[in-house]
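I'd like to go over a predicted model; first the sequence, then the structure.
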Amino acid sequence: MANANTLLLIICLLAIVLTTLGVNYFFHQKEQARLQRQRLMKQYQGEIERVLEALQVLQAASAPAAIRELLEGYSTDLISQLTALTPTSDLAQQLQAKKREGGGPSAPNLSSANGIQRAQAGLRNAIKILGHLQQRGKLTPPAFAEFRNELLWLHHRIEADAYVEQGKRFAASGKTALAMSHFKHAKVTISKVPTRDPRKQEKISEINKLNDEVNPFKKNKAPQPAEEQSSDVPEATAPNQPVSP
């Protein structure tokens, strides 16, 4: 009888232990799932905010519509995945509202140094996002190369444009030396474009023309009117005939 009671006690203790372990495992797994969901939520939130900030910069820099549409679609997919992950959370709705508002409080000011730095950081970020999309098979290598070159062009062009506009303002106020200095910086900046983009030479030619217009040495070398060059020119000369010495 004693042996039977002892066996029954052991069985009860084992049942209690197993039940306790089962309950603890259940709550442990539930907690792990909650933590994993939180980590995924933060990852989605960070990625969505990065994409929205990049979109804001692309809009301000007049990036090609194809790049903006690609990132718009990517942000929509991310928000949908976040909604499926946490259907009762307001985070997805908040990010969706942020997207409708343009991605942030204000677009970068492309006429200020801080605004240009912010825009250039956004363009570099956009290139990284495009690289991620290529790795996931959502963008072909040729398309990625084309978009990357376009963003690299914008990265340098917005800085060069800021120098040019400041140089024009200095030229208009008669500050020739400062104007020429800014045109020089603009030319150096656009020369750093790493690709063989025909727009690079066009931009350099535009800057050279602006520089020549304010350069006093270039101005002094302008040709004199024909009537002031010589007093020996006959009053009437046959058309297309050279003047006799």
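Ah, there it is.

wait, what's in contact with the residue positioned nearest the centre of the chain?
Closest residue to the average C-alpha location of the chain: residue 123 at 1.8 Å, with Cα atoms, centre = their mean. Neighbouring residues of residue 123 by Cβ atoms under 8 Å, 6 or more residues apart in numbering: 54, 57, 58, 61, 151, 152, 154, 155. C-beta here means a position set from N, CA and C on the backbone, and glycine is covered the same way.

Now it: which helix or strand?
Using DSSP states H and E, residue 123 sits within helix 113-135.

do residue 209 as well
With DSSP H and E as criterion, residue 209 is part of helix 198-214.

Ranking helices and strands of this protein by mean pLDDT, which lands last?
Of all helical and strand segments in the chain, the minimum by mean pLDDT, DSSP states H and E falls on helix 226-229, at a mean of 39.

tell me the angle of the lengthiest helix in the chain relative to helix 113-135?
If you go by DSSP state H, the chain has its longest helix at helix 2-60. Computed with axes from the mean of the first three to the mean of the last three Cα atoms, to 10 degrees, the direction of helix 2-60 lies at 120 degrees from that of helix 113-135.

begin at 16 from here
Right, with 16 as the first residue, what we last looked at is helix 17-75.

hang on, the earlier thing: buried ones in the helix holding residue 138?
130-131, 133-135, 137-138, 140-142, 144-145, 148-149 (16 or more other Cβ atoms under 10 Å).

Now do the same contact list for the nearest residue to residue 196 once chain neighbours are set aside.
For residue 196, ignoring the flanking residues on the chain, the nearest one in space by Cβ to Cβ, 6 or more residues apart in numbering is residue 182 at 7.7 Å. Shown in contact with residue 182 (Cβ under 8 Å, 6+ apart): 193, 194, 195, 196, 197, 198, 201, 225.

Could you point out which of those is nearest to residue 57?
residue 201 (41.4 Å; Cβ to Cβ).

So what's the gap between the strand or helix carrying the closest one and the chain middle?
Using DSSP H and E, residue 201 sits in helix 191-206. Centroid displacement of helix 191-206 relative to its chain, using Cα atoms, centre = their mean, to the nearest Å, is 24 Å.

what angle separates it from helix 213-229?
Going by the same axes, to 10 degrees, helix 191-206 makes 170 degrees with helix 213-229.

Helix 191-206 packs against which elements?
helix 156-187, helix 213-229 (3 or more Cβ pairs under 8 Å, 6 or more residues apart in numbering; DSSP states H and E).

Can you name the residues in contact with that helix?
171-172, 174-176, 178-179, 181-183, 185-186, 215, 218-219, 222-223, 225-226, 229-231.

7 Å - rerun?
171-172, 174-175, 178-179, 181-182, 185-186, 215, 218-219, 222, 225-226, 229-231 (Cβ atoms under 7 Å, 6 or more residues apart in numbering).

Sort out which residues of that helix are buried, please.
193, 194, 195, 196, 197, 198, 200, 201, 202, 204, 205.

Just the mean pLDDT for that helix, thanks.
If you average the pLDDT over helix 191-206, you get 94.

what does stretch 20-27 give?
The model assigns stretch 20-27 a mean pLDDT of 78.

With stretch 110-122 instead?
Average pLDDT, stretch 110-122: 70.

End to end on that stretch, go ahead and measure it.
17 Å (Cα to Cα, to the nearest Å).
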